[in-house]
Each structure stands twice: as C-alpha cells, then as structure tokens.
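Visitor: have a look; sequence and predicted model below, questions after that.
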Amino acid sequence: MTTPTRRFPLDAWALAVLAAVLCAIPFFASGYVLYVVNLLMVFVILALGMHVVIGEAGQFALSHTAFYGIGIYVAGLINTHWHPPFVLSILAGGLVSAALGYVIGLLALRMRDIYLALATFAFGEAMQWVFLNWESVTGGSNGMRMQPAQMLGLTLTNDLQAYPFVVGIAALMLGVTVWLSRSQFGSALRAVRESDVAAMAMGIDARAMKQSAFAVSAAFAGIAGGTYTLFISFIHPESLGFQTTILILTMVVVGGIGSVRGAVAGALAFGIISEMLRQALSIQEILYGAILLGFMMFRPRGLFADAKKRIARSHGQAAAGAAALKGGAA
C-alpha cells in the first residue's frame, strides 16, 4: 500500500517566494522601485482592513479612505510636533481611526446594504472636506509637509531606510489578519455575515460584532496611513478621495471577497496597475469601473475565493482516494 505524500501548502510556497523577493529587492532595486514596493505594502494593509469589514463581517462600507487619511494626518502631526519613535505615531493613528470606526459602526446597526454604503460614503466625503478646509491643521489645499520619521536615533530620510520597517509592518498586519480569521472572533464575524438572527440564536452579540469589525478595519486603515508617513514627505487631500476607495474595493472584490490571499494578491496587482496608470487618471477610473462591474456580474466571488474552493475540493478528492486505497489494501 502506498502512503500519499503530504504536500507543502500552496499558500506557504507563495509566502516563501514573496518573502524571498522582498528580501532581495533592496540589493538591486532603484529608489523608485523601492517607493513602489513600499506603496504596495501600504495597499496590502488597506486591503486587509477592508477584507475584515466586507469579507469577514459582510458590512459594505465605503469609508476606508477616510480612516486612512486620519491615520496619515494623526501620525504626521504627532511626528512633526513631538518627534516620538514612529511606532508611537503609527499606533496613535490606528487608535484614533479605530475609535472613530467604532462610532461609525453604529450605522451598521441601523442600516444595511446600499443604505450603509451610502452613509459610509457620505462620511468619507465629509472627511475629505475636513482635510481640504481645516487649513490650520492639515494645510488644506496646499497640502502638508511631513517630517522624517525617527526610531532609536535613526532618521528615515529615504525609501531604502523605510523599506524594512514598512515590509515588517505589512507582514505583521498579515499575520494579525490570519489570526483573526482563524479565531473565535473571525468565526463570529462570519456567522453575523451569514445571518444576524442565526448568530444571535447561537449566543453571538451581532451588534457588538458589527461595531468591532468597523473598529478593527478602521485601525488597519489608520496603521496603513501611519506606515505611509514613513516614506513620503508630502500629503495632499486630493489623494484621499473616492477614487482611492474604489481602488481598494477593486483589490478586494477581484482578489476574492472573504479571502485573505485574495486581498493580498489584489493589492499587489492593482497597486502596480495604478502606478503604471498614474499619468492617465481618466483611464484609471474607466479601467477600475469596468473591472469592478465585470467581476461583480460574472465572477462575484473573485479569483482566489474560487481557487480556495477548488483546492479544498481537490484535497477532499485526494483524501477520498487515499481512504479507498486503504480500504482496498485492507
């Protein structure tokens, strides 16, 4: 009787290859490439945060960019005025965003589906208005200069110096997302996503879960904003508009709603596409809209959510084959 070989998980291979590439990049890449990779890591954190609220909790929220901007301005202002270690300024941005996200989560208790999307969209637009008009704090339409971040006496003055910290934060947030997804908290979120009534029948506080999902998602966005301040020197409110929300939503939808690997792959793919189309903003909007519509119509679960089902099905078939072989040998 032959014993079936145990295969190394595909996700582990993908992570190993990605880690090897990220470790090799600083040795041969130019400053611009390092900037793009840093930006991709920020997109990964943003996509993971949207995955929590949409993919895990099933709450269709469009306020992610607002929390991202809050994280940028909070971390930037703290760093400019008090120069603490950047870990503290990033944590402050995440905590402020989480607190506001918990409050915005109250909307999820009263609204659903398109109404919740419109309400959170309105909050995002209101926050961009604040970024544009609160000139004494954000610099308004003139934008705001960022001071270099500091840590243990080291001042981060270029993309290469910021690179290991940005990659490390993205890896940490990926680990947190996987842990949350596999925890009882993640199971409770998915139960609420499927049915509020069924979740409450199992003893799950659906109201608390929805608010917690908003808070966690907003914290991810705030941390992404704080991480962004490690390698940029200037921020303008126009970069925090609805187009950024659509970009992040496209990453999650195309990658696969409810799939961590889909959020990461979508962030990497569309982050590169957005950078390639930086000089053609009108084409960006048309492209994102067409891709989003196409996937929502013909492949609503995205690419990697379906791949996950195929892998699980193949594993089930392999297990059934092994059981049949064992029964035949017996």
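Guide: Looks like it arrived, so ask away.

Visitor: out of the helices and strands in the chain, which is least certain?
Guide: Least confident element among the helices and strands of the chain, by mean pLDDT, DSSP states H and E: helix 302-329 (a mean of 48).

Visitor: low pLDDT regions in the stretch 151-300 of the chain?
Guide: 281-282 (pLDDT under 70).

Visitor: ranges for the helices of it?
Guide: Taking DSSP state H, counting those that start in this stretch as the criterion, the stretch 151-300 of the chain carries its helices at 159-182, 184-194, 196-201, 206-228, 242-255, 260-276, 281-298.

Visitor: deepest in the core, which of the ones you listed is it.
Guide: Neighbour counts (mean count of other CB atoms under 10 Å) averaged over each of those peak at helix 206-228, with a mean of 27. The way it works is simple: take the backbone N, C-alpha and C, and place the C-beta from them, glycine included.

Visitor: and it, what other elements does it pack with?
Guide: helix 31-50, helix 64-82, helix 86-104, helix 106-110, helix 159-182, helix 184-194, helix 196-201 (3 or more CB pairs under 8 Å, 6 or more residues apart in numbering; DSSP states H and E).

Visitor: closest one to Phe295 among those helices?
Guide: Set against Phe295 and scored by CB to CB, these come closest in helix 31-50, at 14.7 Å.

Visitor: where's the closest one relative to the chain centroid, distance-wise?
Guide: The chain centroid and the centroid of helix 31-50 are separated by 10 Å under CA atoms, centre = their mean, to the nearest Å.

Visitor: can you check stretch 24-31 too?
Guide: 25 Å.

Visitor: cool, and stretch 126-143?
Guide: Counting by CA atoms, centre = their mean, stretch 126-143 comes out at 24 Å from the chain centroid.

Visitor: can you pull the buried residues of that stretch?
Guide: For stretch 126-143, the neighbour count (16 or more other CB atoms under 10 Å) marks 127-128, 130-132, 138-139 as buried.

Visitor: want to throw those residues into a markdown table with secondary structure and distance to Gly302?
Guide: As requested, the buried residues of stretch 126-143 are arranged in a markdown table below (DSSP: H, G, I helix; E, B strand; the rest coil; distance: CB to CB, whole Å):
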| residue | secondary structure | distance to Gly302 |
| --- | --- | --- |
| Met127 | helix | 28 |
| Gln128 | helix | 28 |
| Val130 | helix | 33 |
| Phe131 | helix | 31 |
| Leu132 | helix | 33 |
| Thr138 | helix | 35 |
| Gly139 | coil | 38 |
